[in-house]
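K.L.:
got a predicted structure here, sequence first:
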Amino acid sequence: MMKVDSVTTRPVRLPLEKPIGSALGPIASFGCILVSVRAGGLVGESLMFTLNDRRTAILRGMIDALADQIVGHDAGHMAGFWTRAWRDINFLGHKGVSVVGISAIDAALWDLFGKSVGQPLYRVLGGASDRVPTYHSGGLWLDRSIPELVAEAEGFVAAGFRAVKMRLGAGDTATDIARVRAVREAIGPGIRLMADANQGMDEAGAIRLGRRLEEFDLTWFEEPLPAWDLDGLARVAAALDTPIASGETDYSRYAFRRMLELRSADILMPDLQRCGGVTEFMRIGHLASAHDVPIASHLFPEQSLQLLGALPNTFYLEYMPWFSRLYREDLAFEDGAAIVPERPGFGFTFDDEYVTSLER
């Protein structure tokens, strides 16, 4: 048994080389919390973040406040920590910052466990595949002109990606349609295309736009409605042939269970930060599998890759390179798929020299 000695957090501000525009508003930087859990001479690591470095201190405070639920306890009892922490946050509620705090420590514990047994997490968690289909999500933003969209999409395909995602929400249906048409024509019919509305629509507008988008053979239409409107999203899903993907803003298996009950989405997209960490991500994945529903990750490619490699119902890894500079190791790709590293734990470790240069 290894008892946890400490949980430490390290805040850094990570700027984007170029600000991006989305339906959520402009994004210019991130406030990152680098989490380290120490036990038995080993260190498990995880990463949480805020957009534009807003309220990063609050997130860090929540993670620090939950350390007492694991320090002095067995580092290998991840489910034990999760249960204690879930009970501990009851008064604050089981959504939002409190769940992100659980996710941060839980993920670091799993990384630590993989290192302690010398195995990558995808093998520890069951092992399904050492290759995960991947789509490029690091571009095709709302602030791009149509010529910029075309050039960016062609660049992703030239780099070997067989799937790309663009954003919707230009303000009127005709403009969104024109942008999707331009990207589809640029990449051709053999490349998968996803489109993300970032929760920016209402039910009627989503159905209207979704029907117009059918001709472009989208792999999915992502988050057309606000995350809380699961009933409305179910009606959108029923009205369209294009699959609906959603779940990145949902917390814990209980929210995903409700999505499955309502048939709100054809593809579930748990986010490692908001769903409850590795422990809950895998529960959600298996719950979806029991309903024959596929899983696609949201952000955190360096960590989500191991989890998707362990699930039989994996569909796609989202490649968003926002945080890749923070790691010593690089993601590897082959034939449009990410290769699951055989390194212990997540297989990615913080680049301390670079991180130090970002510290405030």
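P.N.:
Ah, there it is.
K.L.:
now do the helices in this structure.
P.N.:
Ranges of helices in the chain, per DSSP state H, are 56-65, 78-88, 97-117, 121-124, 146-158, 173-187, 203-213, 230-239, 252-262, 272-275, 277-290, 301-308, 352-358.
K.L.:
give me the below-cutoff pLDDT ranges for this structure.
P.N.:
360 (pLDDT under 70).
K.L.:
how is it carved up into domains?
P.N.:
Here the chain is described, according to automatic domain parsing, as comprising the domains 4-118+354-358, 122-339.
K.L.:
check contacts around residue 163.
P.N.:
For residue 163, the set of contacting residues under the criterion of CB atoms under 8 Å, 6 or more residues apart in numbering consists of 133-136, 191-194, 219, 316, 336. In this view, the C-beta of every residue, glycine as well, is placed from N, C-alpha and C.
K.L.:
er, residue 297 actually
P.N.:
If you count contacts by CB under 8 Å, 6+ apart, residue 297 has them with 269-272, 304-305, 307-308, 316-318.
K.L.:
buried set for stretch 329-347?
P.N.:
Of the residues in stretch 329-347, 331, 333, 336-341, 343-347 count as buried by neighbour count, 16 or more other CB atoms under 10 Å.
K.L.:
and that stretch, end to end?
P.N.:
As for stretch 329-347, its first-to-last residue distance stands at 8 Å under the measure CA to CA, to the nearest Å.
K.L.:
which elements pack onto the lengthiest strand in the chain?
P.N.:
With secondary structure taken from DSSP state E, the chain has its longest strand at strand 4-22. In this structure, strand 4-22 makes packing contacts with strand 25-39, helix 56-65, helix 97-117, helix 352-358, judged by 3 or more CB pairs under 8 Å, 6 or more residues apart in numbering; DSSP states H and E.
K.L.:
for the ones you listed, which one sits closest to residue 205?
P.N.:
Closest of those to residue 205 is strand 25-39, at 19.1 Å (criterion: CB to CB).
K.L.:
buried set for the closest one?
P.N.:
By 16+ other CB under 10 Å, the buried positions in strand 25-39 come out as 29-39.
K.L.:
of the residues you listed, closest to residue 51?
P.N.:
The closest of the buried residues of strand 25-39, once distances to residue 51 are taken by CB to CB, is residue 30, at 6.6 Å.
K.L.:
ok, now which ones touch that closest one?
P.N.:
When contacts are counted by CB under 8 Å, 6+ apart, residue 30 touches 13-14, 16, 49-53, 322-323.
K.L.:
closest one to residue 230 among the helices and strands packed on strand 4-22?
P.N.:
Smallest distance to residue 230 across those (CB to CB): 17.5 Å, for helix 97-117.
K.L.:
chain center to the closest one, what's the gap?
P.N.:
Put simply, helix 97-117 sits 15 Å off its chain's centre (CA atoms, centre = their mean, to the nearest Å).
K.L.:
and it with strand 4-22, angle?
P.N.:
Orientation check (axes from the mean of the first three to the mean of the last three CA atoms, to 10 degrees): helix 97-117 against strand 4-22 gives 120 degrees.
K.L.:
please save the CA atoms from helix 97-117 in PDB.
P.N.:
Output for helix 97-117, consisting of C-alpha atoms alone and laid out as PDB, is shown next (Å, rounded to 0.1, in the frame of the first residue of the first chain):
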ATOM      1  CA  VAL A  97     -16.200  23.600  -9.700                       C
ATOM      2  CA  SER A  98     -16.600  21.000  -7.000                       C
ATOM      3  CA  VAL A  99     -16.700  18.200  -9.500                       C
ATOM      4  CA  VAL A 100     -13.700  19.600 -11.400                       C
ATOM      5  CA  GLY A 101     -11.900  19.400  -8.100                       C
ATOM      6  CA  ILE A 102     -12.600  15.700  -7.800                       C
ATOM      7  CA  SER A 103     -11.600  15.200 -11.500                       C
ATOM      8  CA  ALA A 104      -8.200  16.800 -10.900                       C
ATOM      9  CA  ILE A 105      -7.200  14.600  -8.000                       C
ATOM     10  CA  ASP A 106      -8.800  11.400  -9.500                       C
ATOM     11  CA  ALA A 107      -6.900  11.800 -12.800                       C
ATOM     12  CA  ALA A 108      -3.600  12.300 -11.000                       C
ATOM     13  CA  LEU A 109      -4.200   9.200  -8.800                       C
ATOM     14  CA  TRP A 110      -4.800   7.100 -11.900                       C
ATOM     15  CA  ASP A 111      -1.600   8.400 -13.500                       C
ATOM     16  CA  LEU A 112       0.200   7.600 -10.300                       C
ATOM     17  CA  PHE A 113      -1.200   4.100 -10.200                       C
ATOM     18  CA  GLY A 114      -0.200   3.400 -13.800                       C
ATOM     19  CA  LYS A 115       3.400   4.500 -12.900                       C
ATOM     20  CA  SER A 116       3.400   2.300  -9.800                       C
ATOM     21  CA  VAL A 117       2.700  -0.800 -11.800                       C
END
